[in-house]
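K.L.:
build me a model:
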Amino acid sequence: MSIPHIPDDAPFSGEQRVWLSGFLAGLNSRLLESAAPVGGASVAASAEAAGAPLLVLYGTQTGNAEAVANDAAAKARTLGFAPEVLGLDDVDMARIAGAERALIVCSTYGEGEMPDNAHLFWKALSAETAPRLEGLSFSVLALGDTGYDGFCQAGKLIDTRLEQLGARRVAARVDCDVDFEAPAAGWIDEAAAALPRG
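P.N.:
Numbers count the residues shown, from 1 in each chain. Prediction:
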């Protein structure tokens with residue numbers, strides 16, 4: 001579909017160009033709306049074509065875990081998954097319980113504490129009322145600093161707790177020091193490839 005535009009050499013004044021640009025922008029938005037799929041069947045078909053759903057969750061203090069999570073999502077897309085990247089506190093236990101696949105990247109703050117955007121998640125996950133997670137396949141990447149006590153403790157806790165709740169680990173947890181890029185890339189490749197497709 002060609003998008004309407006004003007040729008550079010068209011004989012219009014500046015005021016006329018502004019008016020015509022607005023008019024054509026309105027036309028363009030209507031064309032795009034009419035081309036979009038409408039109805040539940042089309043939406044469902046689009047979702048199915050996008051691949052198997054995958055949660056890529058991160059707990060971060062400085063942004064490193066979020067960056068790795070985005071890298072993991074990009075890799076998963078190339079393998080036919082439909083990843084959704086979310087902060088740990090942005091996902092509730094009902095969503096985790098209904099998920100079939102999750103990759104989790106979590107940094108450790110201070111002396112072994114959860115990062116700022118993982119406190120609510122950890123509180124719910126570690127509660128006695130946490131749901132069973134037998135349907136979930138997962139892997140965890142832990143980021144930390146060996147200069148502190150509790151090296152990678154947040155990731156270790158999440159990894160252990162998911163297993164306790166019945167989730168299936170598809171790739172071993174990797175604990176990264178401050179130079180995390182290479183081990184993180186290795187974990188992404190291994191964990192993404194090990195996730196079940198169907």
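
K.L.:
what about Ala52, neighbour count?
P.N.:
17 (other C-beta atoms under 10 Å). Backbone N, C-alpha and C define where each C-beta goes, glycine included.

K.L.:
again with Ser107
P.N.:
Neighbours around Ser107, by other C-beta under 10 Å: 29.

K.L.:
for it, give me its contacts.
P.N.:
Applying C-beta atoms under 8 Å, 6 or more residues apart in numbering, we find Ser107 in contact with 59-62, 64-65, 115, 142-144, 154-155.

K.L.:
low-confidence ranges in this protein?
P.N.:
Within the chain, the stretches with pLDDT under 70 are 1-10, 12-50.

K.L.:
ranges for the helices of it?
P.N.:
14-35, 40-50, 64-78, 93-98, 119-126, 153-164, 181-194 (DSSP state H).

K.L.:
hmm, back to that, as a markdown table, the contacts of Ser107 with distance to Leu103 and neighbour count would be great.
P.N.:
Output for the contacts of Ser107, formatted as a markdown table (distance: C-beta to C-beta, whole Å; neighbours: other C-beta atoms under 10 Å):
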| residue | distance to Leu103 | neighbour count |
| --- | --- | --- |
| Gly59 | 12 | 29 |
| Thr60 | 14 | 22 |
| Gln61 | 19 | 19 |
| Thr62 | 19 | 11 |
| Asn64 | 15 | 19 |
| Ala65 | 11 | 31 |
| Pro115 | 17 | 24 |
| Ala142 | 12 | 26 |
| Leu143 | 13 | 28 |
| Gly144 | 18 | 23 |
| Ala154 | 15 | 26 |
| Gly155 | 12 | 27 |
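
K.L.:
what about the nearest residue to Ala193 once chain neighbours are set aside, how many neighbours?
P.N.:
Of all residues not flanking Ala193 in the chain, Leu79 sits nearest, at 6.9 Å (C-beta to C-beta, 6 or more residues apart in numbering). By other C-beta under 10 Å, the residues close to Leu79 number 15.

K.L.:
now Leu79: phi and psi?
P.N.:
phi -100, psi 10 (degrees, to the nearest 10).

K.L.:
residues in contact with it?
P.N.:
192-193, 195.

K.L.:
quick one: which of the residues you listed is nearest to Leu120?
P.N.:
Leu195 (25.5 Å; C-beta to C-beta).

K.L.:
burial check on that closest one, number of neighbours?
P.N.:
20.

K.L.:
can I assume it is in contact with Phe81?
P.N.:
Yes. Under the criterion of C-beta atoms under 8 Å, Leu195 makes contact with Phe81 at 6.9 Å.
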